[in-house]
Structures are given as C-alpha cells and as structure tokens.
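Student: Dropping the sequence and predicted coords here.
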Amino acid sequence: MAIKIVPRGRKVRVLATLGPASTSPEMIRKLMLAGADAFRINMSHGSHADKEPLVAAIRAIEKETGRPSTILFDLQGPKLRVGRFEGGRTMLETGAGFVLDRDDAPGDAARVRLPHPELFAALKVGARLLLDDGKLVLRVLSAGADRIETRVEVGGILSDSKGLNVPDVVVPMAALTEKDRRDLTFALEQAADWIALSFVQRPEDVAEARRLIGGKASLLAKIEKPAAMERLEEILELADAVMVARGDLGVELPPQQVPLAQKRIVASARRMGRPVVVATQMLESMIVSPTPTRAEVSDVATAIYDGADAVMLSAESAAGAWPEESVAMMDRIAMAVESDPSFDARVHFTETLPDATTADALSQAARDIADTVSARAIICFTSSGSSARRIARDRPNVPLLVLTPKLSTARRLGLLWGAHAVQTRDVGDFEQMVGKAKRMALRHGLAKAGDRIVIMAGVPFGRPGSTNMLHVQRLAGDELDKLR
C-alpha cells in the first residue's frame with residue numbers, strides 16, 4: 001500500500017542504525033514510518049553481501065513513498081587491539097608490570113602481543129593506554145622498537161583482541177585501513193549518500209578520504225579522538241558534516257569532559273554551517289526495555305535544544321528488542337522539545353553569523369522575512385544543496401521545503417535540520433519558479449489560501465552557485481483552485 005508522505009512535524013533528523021534487529025524490509029519500513037529520516041549501515045560488522053539487501057530495501061521504500069532515502073555508510077577505521085592470550089584471557093593486577101611486544105606467542109599476565117608496529121615509535125613515557133573501553137588503564141614506563149613496558153594502574157580481566165585507546169598521543173596511522181578502502185569502494189558502488197570516517201585525528205585524514213570519494217558522496221567526520229578536538233575547526237573546513245561520536249570520545253576523555261566537548265562540537269559545526277549528528281547511548285536502555293530512562297530523555301532533549309541537525313540510534317535500532325519503539329520515542333522527544341515555547345530562544349543561543357556572500361546574506365534575510373511577515377514556509381530551489389544548508393544554519397522557525405532536480409542532492413539532505421527535500425524538474429523562468437513554489441507548498445501541506453511563502457533561488461535558473469534572489473508570495477484562493 002502506498003504511503004502519503006508529508007513533511008515531518010519536527011526539525012531535527014533521526015538517524016537509525018540497521019543491524020540484526022532491523023534487516024528485514026518490513027522492519028526498515030516500520031522504522032521509516034516511526035520517524036527515521038536516514039539509515040546508518042555499520043561496516044564494522046558483516047559482509048558486503050549482507051549490506052546489499054539493506055540498500056535495496058531502503059531504495060524500494062523510497063520508490064514506494066516518494067520520500068528521498070538517505071543512507072550513511074560508516075567505515076570501521078583503524079581500531080587498535082591487543083593480541084591473544086593463552087586460554088583466551090588473563091588477569092592484570094593493579095600495580096603489576098605488563099609488557100606489550102611484537103612476539104607472536106600467546107600472552108599471559110606479564111605480556112601480550114601488540115599488532116600495531118606504528119605505536120612502538122609513537123608512545124612516550126607517561127602516556128596512558130586504555131584497554132577494553134577504558135576498563136583497564138596502563139601507564140607507559142618505557143617504549144622501544146619492539147617492547148613497551150607499562151605499569152597497571154587499573155587492573156581487571158583482559159581477554160583476546162580487546163580494544164586499545166591511546167588518548168595522549170597522535171598515532172601515526174591513516175584513518176583509512178585497507179579494509180576501509182574496500183568498504184568505501186563498495187559503498188560508492190551502492191550509491192551511498194554519506195560516508196562516515198572513523199577515528200579522525202587530523203585534517204589530512206579528511207582530505208585523503210575526500211580525494212578517494214571524488215564527490216560521489218558527502219563526507220562526515222566522526223570526532224572521537226582528543227587529537228581531533230585540538231584541530232576541530234580545520235577538520236570542519238574540510239568535512240561536509242561531523243558526528244559527536246561519544247563512544248570512543250567518552251573512553252579517551254574524562255567523563256565530565258564529554259558534555260563540554262559535545263557542546264563545543266555542535267556550536268562550532270553550526271557556526272561553520274556543517275550539519276552535526278549527536279550519537280552513542282542516547283536511548284541505551286531501550287536495547288532491552290520498551291521505555292528509556294529519564295536521564296536518557298534529558299540527554300536527547302539537550303542535543304535538540306543545542307541545535308543538533310540529527311540524533312542517532314545505534315544498538316537501540318540495530319540489535320535491541322525494541323527498534324521501532326526506539327525510533328518512535330526519539331520522534332516523540334523531538335516533537336515535545338520543539339513545541340516548547342522557549343525552544344526558539346534556546347536553539348538560537350549559538351550565534352551563526354553569515355559569511356560575506358550574497359547567498360549567506362539572502363539566507364539570513366529569508367529567516368528574518370519569514371518571521372516578520374508570518375510566512376508559513378521557506379521554499380528553496382537548489383542544485384547542490386548549498387543554499388538549503390545556508391538557510392538551515394540560521395534555524396528558521398518555519399518549515400524548509402527544498403526543491404532540487406537532483407535525486408542525489410535530495411537524498412543527502414536527509415541529515416539537514418528542518419529540510420524536507422523533494423526531487424522535481426528545474427524551472428526556467430521567474431513565473432515557473434513562483435508557480436512551482438506555490439504548488440509544492442500546497443501539495444505538501446505547508447500553506448493554504450491567504451498564507452505567505454518566502455522563495456529563494458538563483459538567476460540564471462539551473463546554474464549552481466547563483467543564489468541571488470528572494471521573493472515573498474501570497475497564495476490567493478482562486479490561484480489555489482487552479483493549482484490543485
């Protein structure tokens with residue numbers, strides 16, 4: 001049965017991760033209907049053959065509903081791990097010595113193999129090594145070409161191939177492993193809309209990924225390393241969007257520093273006009289429970305009040321017992337927050353000054369004019385999506401209807417705050433522009449007789465980067481009869 005798709009009743013987007021609990025076309029469809037605006041495919045798990053049906057199911061729902069579908073492929077990145085132990089595990093005693101070396105022999109309570117040669121030269125005396133998501137802590141006493149001696153500061157059980165985090169050192173590793181390169185090629189073959197780059201440390205990591213992507217998808221940089229925080233603005237300059245990846249960021253930073261880092265990333269991204277996603281453990285208890293904790297609800301609400309473009313579900317929708325309910329809960333929280341009379345003041349707490357360009361000046365003016373004349377919607381004609389991103393940066397109070405001739409552009413806008421993107425034929429002159437804006441505003445339920453709309457476009461029509469026109473139009477009753 002076909003579904004009539006109308007704009008969401010909220011501005012923030014919901015990004016849902018697909019996994020064992022949400023691989024069937026039926027469940028993916030349920031997630032979309034429950035409020036998912038975009039879908040994340042995690043390349044850390046499964047094979048390429050597992051991912052192809054997910055893409056096919058999402059695109060089939062797109063055809064059924066007429067709503068452009070947004071797919072983000074999340075690359076695994078260079079995850080550091082220790083080697084294996086005799087018997088699969090060992091106990092590290094607090095205060096004891098422990099050695100990381102290049103010996104292939106199974107480890108024990110005194111040593112284990114570290115299969116990352118680049119770390120031996122990078123580590124300095126005093127650096128911390130965090131094992132198993134920070135549950136165990138080692139302090140480096142000495143580091144040589146084949147041997148790293150440490151003292152166990154926080155002990156515990158350590159088992160095979162557990163993760164290793166190095167918060168105090170920029171590790172000389174490329175952000176793209178050979179596996180990532182193969183996964184990237186596959187993702188681009190599947191017409192991915194977004195590529196998420198994991199464990200970014202330097203702007204150079206983003207530049208290399210952009211070169212490989214070659215404009216075939218948009219690039220999202222995941223901020224999960226303290227080193228990335230130190231060069232955040234440089235990374236934002238090169239990325240199309242960023243993610244506050246609180247999982248590994250929460251391991252490498254002290255817990256009390258994570259909220260500060262989140263607010264800085266969100267505010268910086270907004271000022272620079274980059275979509276920003278807040279992710280990890282947002283409704284974690286809903287992996288096993290049909291309802292979240294009050295603290296989790298407050299966490300999601302805080303991200304929305306701060307003006308994040310999207311909030312993400314990870315295991316909640318990928319492997320939990322309540323995937324559909326998790327998406328629906330995220331949707332309800334967003335609707336409640338955005339209906340708060342104080343929401344507009346809170347979301348505009350971050351000042352987003354326009355750049356000294358015509359397009360930025362018009363984008364800011366569109367929001368101001370919509371407020372002044374009580375317009376019901378802003379209609380944006382765009383080819384690349386750049387004009388839509390500029391308008392969204394100012395967080396207008398009214399819906400943003402984005403009309404584009406490119407399906408790829410419409411799909412990529414699924415992570416943009418407040419945007420309802422529609423693929424439609426381009427216009428050739430001013431009268432066609434006004435007529436199409438009226439029809440689309442009416443068709444998508446954004447305006448009725450007597451309402452005003454604000455239209456933003458560029459002349460000559462169809463030329464990217466030519467945004468130079470703002471027009472206010474009232475929808476008269478007799479006109480609407482003709483447009484229906």
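Tutor: Ah, there it is. Keep in mind that this is a model prediction, so the values were computed, not measured.

Student: Which helix or strand in the chain has the lowest average pLDDT?
Tutor: helix 477-483 (a mean of 60; mean pLDDT, DSSP states H and E).

Student: Mind jotting down where the helices sit in the stretch 351-484 of the chain?
Tutor: Secondary structure of the stretch 351-484 of the chain (DSSP state H, counting those that start in this stretch): helices located at 358-372, 386-393, 407-412, 430-443, 477-483.

Student: Of all those, which one comes closest to Ala419?
Tutor: helix 386-393 (5.5 Å; Cβ to Cβ). Heads up, the C-betas are built off the backbone N, CA and C, glycines and all.

Student: Using CSV, write out the CA atom coordinates for that closest one.
Tutor: C-alpha atoms of helix 386-393 as CSV (Å, rounded to 0.1, in the frame of the first residue of the first chain):
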residue,chain,number,x,y,z
SER,A,386,24.3,24.6,-0.6
SER,A,387,21.5,27.1,-0.4
ALA,A,388,19.5,24.8,1.8
ARG,A,389,22.4,24.3,4.2
ARG,A,390,22.8,28.1,4.5
ILE,A,391,19.2,28.5,5.3
ALA,A,392,19.2,25.6,7.8
ARG,A,393,22.2,27.1,9.6
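
Student: What helices and strands are in contact with it?
Tutor: When contacts are defined as 3 or more Cβ pairs under 8 Å, 6 or more residues apart in numbering; DSSP states H and E, helix 386-393 sits against helix 358-372, strand 377-381, strand 400-404, strand 419-423, strand 452-458, strand 467-474.

Student: relative orientation of it and strand 400-404 in degrees?
Tutor: Between helix 386-393 and strand 400-404, the angle comes out at 170 degrees (axes from the mean of the first three to the mean of the last three Cα atoms, to 10 degrees).

Student: angle of helix 386-393 against helix 358-372?
Tutor: 50 degrees.

Student: neighbours of Thr409, just the number please.
Tutor: Neighbourhood size, Thr409 [other Cβ atoms under 10 Å]: 22.

Student: re earlier: name the stretch among the helices of the stretch 351-484 of the chain that sits most buried.
Tutor: Ranked by average neighbour count under the criterion mean count of other Cβ atoms under 10 Å, the helices of the stretch 351-484 of the chain are headed by helix 386-393 at a mean of 25.

Student: Please give the centre-to-centre distance between that helix and its chain.
Tutor: What separates the centre of helix 386-393 from the centre of its chain is 17 Å, taken as Cα atoms, centre = their mean, to the nearest Å.

Student: go on, stretch 148-157?
Tutor: The mean C-alpha position of stretch 148-157 is separated from the chain mean by 35 Å, Cα atoms, centre = their mean.

Student: swap in stretch 148-167?
Tutor: 30 Å.

Student: list the contacts for the nearest residue to Gly462 once chain neighbours are set aside?
Tutor: Excluding the flanking residues, the one nearest Gly462 by Cβ to Cβ, 6 or more residues apart in numbering is Asp426, at 4.9 Å. Listed by Cβ atoms under 8 Å, 6 or more residues apart in numbering, the contact set of Asp426 reads Phe381, Ser383, Pro405, Phe461, Gly462.

Student: In the protein, which helix is the longest?
Tutor: Criterion DSSP state H: the longest helix present in the chain is helix 48-65.

Student: Show me which residues of that one are buried.
Tutor: Residues of helix 48-65 classed as buried by neighbour count (16 or more other Cβ atoms under 10 Å): Lys51, Leu54, Val55, Ala57, Ile58, Ile61, Glu62, Thr65.

Student: for stretch 414-434, same thing?
Tutor: Within stretch 414-434, the residues that count as buried by 16+ other Cβ under 10 Å are 414-423, 427, 433-434.

Student: Stretch 248-259 now?
Tutor: Neighbour-count burial for stretch 248-259 flags Asp248, Leu249, Gly250, Val251, Glu252, Leu253, Val258 (criterion: 16+ other Cβ under 10 Å).

Student: thought the last one was touching Leu249?
Tutor: Yes. Shown here, Val258 and Leu249 form a contact pair, counting by Cβ atoms under 8 Å, at 6.2 Å.

Student: which stretches of the stretch 1-150 of the chain form helices?
Tutor: Per DSSP H, counting those that start in this stretch, the stretch 1-150 of the chain carries helices over the ranges 25-34, 48-65, 118-122.

Student: could these be laid out in a markdown table, adding distance to Glu93 and mean pLDDT?
Tutor: Converted to a markdown table, the helices of the stretch 1-150 of the chain look like this (distance: least, Cβ to Cβ, whole Å; pLDDT from 0 to 100):
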| stretch | distance to Glu93 | mean pLDDT |
| --- | --- | --- |
| helix 25-34 | 46 | 96 |
| helix 48-65 | 41 | 96 |
| helix 118-122 | 23 | 90 |
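
Student: which one of those lies closest to Ala388?
Tutor: helix 48-65 (18.8 Å).

Student: Contacts for stretch 351-366, please.
Tutor: Stretch 351-366 is contacted from outside by 270-271, 273, 378, 386-387, 390-391, 393-396, 454, 456, 465, 467-470, using Cβ under 8 Å, 6+ apart.

Student: counting contacts, what elements does the strand or helix carrying Glu204 pack onto?
Tutor: Using DSSP states H and E, Glu204 sits within helix 203-213. Packing partners of helix 203-213 (3+ Cβ pairs under 8 Å, 6+ apart): helix 178-189, strand 194-197, strand 218-223, helix 232-238.

Student: mind giving me CSV with the ones you listed and columns for mean pLDDT and mean neighbour count?
Tutor: Listed next are these as CSV, based on pLDDT from 0 to 100; neighbours: other Cβ atoms under 10 Å:
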stretch, mean pLDDT, mean neighbour count
helix 178-189, 97, 17
strand 194-197, 98, 26
strand 218-223, 98, 25
helix 232-238, 98, 18
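
Student: which one of the buried residues of stretch 248-259 sits closest to Ala122?
Tutor: Checking those against Ala122 by Cβ to Cβ gives Glu252 as the nearest, at 15.0 Å.

Student: so what's the closest one up against?
Tutor: Contacts of Glu252 (Cβ under 8 Å, 6+ apart): Leu130, Gly134, Asn165, Pro167, Glu224, Lys225, Pro226.

Student: any idea of the angle the helix holding Glu204 forms with strand 218-223?
Tutor: Interaxial angle, helix 203-213 versus strand 218-223 (the same axes, to 10 degrees): 150 degrees.

Student: Just the C-alpha atoms of helix 203-213, please, in PDB.
Tutor: Below are the C-alpha coordinates for helix 203-213, written out as PDB (Å, rounded to 0.1, in the frame of the first residue of the first chain):
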ATOM      1  CA  PRO A 203      42.600  17.400   8.700                       C
ATOM      2  CA  GLU A 204      44.800  15.400   6.400                       C
ATOM      3  CA  ASP A 205      42.700  12.300   7.200                       C
ATOM      4  CA  VAL A 206      39.600  14.100   5.900                       C
ATOM      5  CA  ALA A 207      41.400  15.400   2.800                       C
ATOM      6  CA  GLU A 208      42.600  11.900   1.900                       C
ATOM      7  CA  ALA A 209      39.000  10.500   2.200                       C
ATOM      8  CA  ARG A 210      37.600  13.300   0.100                       C
ATOM      9  CA  ARG A 211      40.100  12.500  -2.600                       C
ATOM     10  CA  LEU A 212      39.100   8.900  -2.700                       C
ATOM     11  CA  ILE A 213      35.300   9.700  -2.600                       C
END
